[in-house]
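Visitor: Quick one, what's the 3D model for this:
(2 chains)
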Amino acid sequence: DTEVTQTPKHLVMGMTNKKSLKCEQHMGHRAMYWYKQKAKKPPELMFVYSYEKLSINESVPSRFSPECPNSSLLNLHLHALQPEDSALYLCASNLPGGRGADSPLHFGNGTRLTVT
Amino acid sequence: LAKTTQPISMDSYEGQEVNITCSHNNIATNDYITWYQQFPSQGPRFIIQGYKTKVTNEVASLFIPADRKSSTLSLPRVSLSDTAVYYCLVGVTYGNNRLAFGKGNQVVVIP
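Guide: Below you'll find the model as predicted:
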């Protein structure tokens, strides 16, 4: 079990569908992340929210739309995806650190997305 | 870009100590070294973090030489359940830094 909960665990969607991935944490973390991981590859950073504000967008296509409604929730809205977007989508959180310390990332177990 | 280089894969027998070295020649003064473990179809899990010298916790040790250009994760007496991919990350997550995963090291524990 992890302290970061992602739903759904699995999702199959067509290229014309609209769906959303959800991530929730109650550890008081104020930074939340979306990563994408293809098979046998390392996780790739997509978005970072810090104090509910988008701070990093790694040039992700607009068919992926993140949202951080509050400090505990992170959503990823999906629209008009392509088959190559099929991957494991991981959410992570941590305490935004300051100089002299860094806070490890806490990951959920991901949503396995298949685009048909 | 990831700042780290790791061997791609290694096998080890149960009960042995496993050492995985990560090279990070361009480590910055403020950077921390953090190791994660990932099992198939799960998210990475934090193992250990250090800045310099040696850090030990209940699952692993981390050795960092004085120049900090490399680090070694040591897993004592591995079991089959330690079969996983291990990632070394160098950097910090604050200040809009893009903490990037390297390619990772697949450790396979053999009975």
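
Visitor: what's around residue 110, how many residues?
Guide: Chain wasn't specified; assuming chain A. 26 (other C-beta atoms under 10 Å in any protein chain shown). For every residue, glycine as well, the C-beta is placed using N, CA and C.

Visitor: Chain B, not that one
Guide: Residues within reach of residue B:110, counting by other C-beta under 10 Å, total 11.

Visitor: Spatially, what comes nearest to it if we skip its sequence neighbours?
Guide: residue B:13 (5.3 Å; C-beta to C-beta, 6 or more residues apart in numbering or on different chains).

Visitor: Same check on residue A:23?
Guide: residue A:91 (3.4 Å).

Visitor: how about residue 104, what does it touch?
Guide: Here I'm looking at chain A. By C-beta atoms under 8 Å, 6 or more residues apart in numbering or on different chains, residue A:104 lies in contact with A:94, B:34, B:46, B:49.

Visitor: wait, I meant chain B there
Guide: Contacts of residue B:104 (C-beta under 8 Å, 6+ apart): A:42, B:6, B:38, B:85-87.

Visitor: So the residue nearest to residue B:110 sits against residue B:83, correct?
Guide: No: using C-beta atoms under 8 Å, residue B:13 is not in contact with residue B:83, being 11.8 Å away.

Visitor: what residues are shared contacts of these two?
Guide: Contacts common to residue B:13 and residue B:83, judged by C-beta under 8 Å, 6+ apart, are residue B:109.

Visitor: Give me the more crowded residue out of these two.
Guide: Of the pair residue B:13 and residue B:83, residue B:83 is the one with more neighbours under other C-beta under 10 Å, namely 16 against 10.

Visitor: how close does that one get to residue B:43?
Guide: According to C-beta to C-beta, to the nearest Å, residue B:83 stands 17 Å off from residue B:43.

Visitor: Also residue B:62?
Guide: Residue B:62 sits 21 Å away from residue B:43, going by C-beta to C-beta.

Visitor: Please name the bridge partners of whichever residue of chain A sits closest to chain B.
Guide: The nearest approach of chain A to chain B comes at residue A:107, 3.0 Å away (C-beta to the nearest C-beta). Applying DSSP bridges to residue A:107 gives these bridge partners: residue A:92.
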